[in-house]
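Asker: return atomic coordinates for the entry below.
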Amino acid sequence: MSTPHAVYTIAHENGVDVSKHLSAEETGEVRNLVASLGSRGHGSSPPRPSRLKARGPKNVKVKIGTVDVGKIPALKESHAHDAKRMSERVYPTLYVFENSVRDLIEAVLRAKHGKDWWTEGVPRKVRETAAKHKADEAKDPWHGTRGGREIDYVFLNDLWSIVKHNWGDFQNLFPDQAWIQTLITRDMNVSRRVLAHMTPISADDIKGIEAAFHKWVKQLQAVEDQIP
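Answerer: Below is the predicted model:
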């Protein structure tokens, strides 16, 4: 087992309520480890809970850039672990998915409308949304821009609106409208909304995102020769 799991297992055996410091998934893993170790017939008895005393500061081995997250005062240990899980599995998946949708839309509409694809192929309401977000961004000139294209200034639901508006140009790439609508607006967007408010998602939801992403990738690979 990993060093963190070993530490949490020992703590659990000594009467420490690890659920106060771990996610539900991690707590379950520790309990399973304890049960597994107990079934192997080790005869030694754990020390009494009353003898266990917490010593020293928390030691969470999580780094974001050059920042040691485990040393941030007042930050809960569970948030440090959540940051590690989200950064390793969730954020990259959503980043690649959302940008691949944008790139696909641009490729298809540019092939049909040329350099004026944004004004010719995108619904007016979506263009207005992008213009508003771009104007709001201009109020903070000290910060870098969201992107170099208008399509970078809209949300996932707006991307679906563009596909729906031009369904005749996209229908050969997907099984049907319901398939791509569900993938964008439900499978991915619901979790994205939660994450946008800096709230971690559950292990089941992570698996759901990964499954949807793999489905998206396999579909694009199957129709690669039809993508402009």
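Asker: nearest residue to the residue nearest the centre of the chain other than its sequence neighbours?
Answerer: Nearest residue to the geometric centre of the chain (C-alpha atoms, centre = their mean): V90, 2.8 Å. Setting aside the residues directly before and after it, V90 is nearest to I206 in space (C-beta to C-beta, 6 or more residues apart in numbering), at 5.9 Å. In this view, the C-beta of every residue, glycine as well, is placed from N, C-alpha and C.
Asker: chain center to the helix or strand hosting the one you found, what's the gap?
Answerer: With elements taken from DSSP states H and E, the one containing I206 is helix 203-222. The chain centroid and the centroid of helix 203-222 are separated by 12 Å under C-alpha atoms, centre = their mean, to the nearest Å.
Asker: pretty sure the residue nearest to the centre of the chain sits against I209.
Answerer: Yes: using C-beta atoms under 8 Å, V90 is in contact with I209, at 6.4 Å.
Asker: any residues in contact with both of those two?
Answerer: Common contacts of V90 and I209 (C-beta atoms under 8 Å, 6 or more residues apart in numbering): 191, 201.
Asker: need the contact list for the residue nearest to V90.
Answerer: Applying C-beta under 8 Å, 6+ apart to I206 gives the contacts 85, 89-90.
Asker: ok, now K164?
Answerer: Taking C-beta under 8 Å, 6+ apart as the criterion, K164 is in contact with 177, 181.
Asker: how much space separates it from D205?
Answerer: When C-beta to C-beta, to the nearest Å is the yardstick, K164 and D205 sit 25 Å from each other.
Asker: try V154
Answerer: With C-beta to C-beta as the criterion, V154 and D205 are 24 Å apart.
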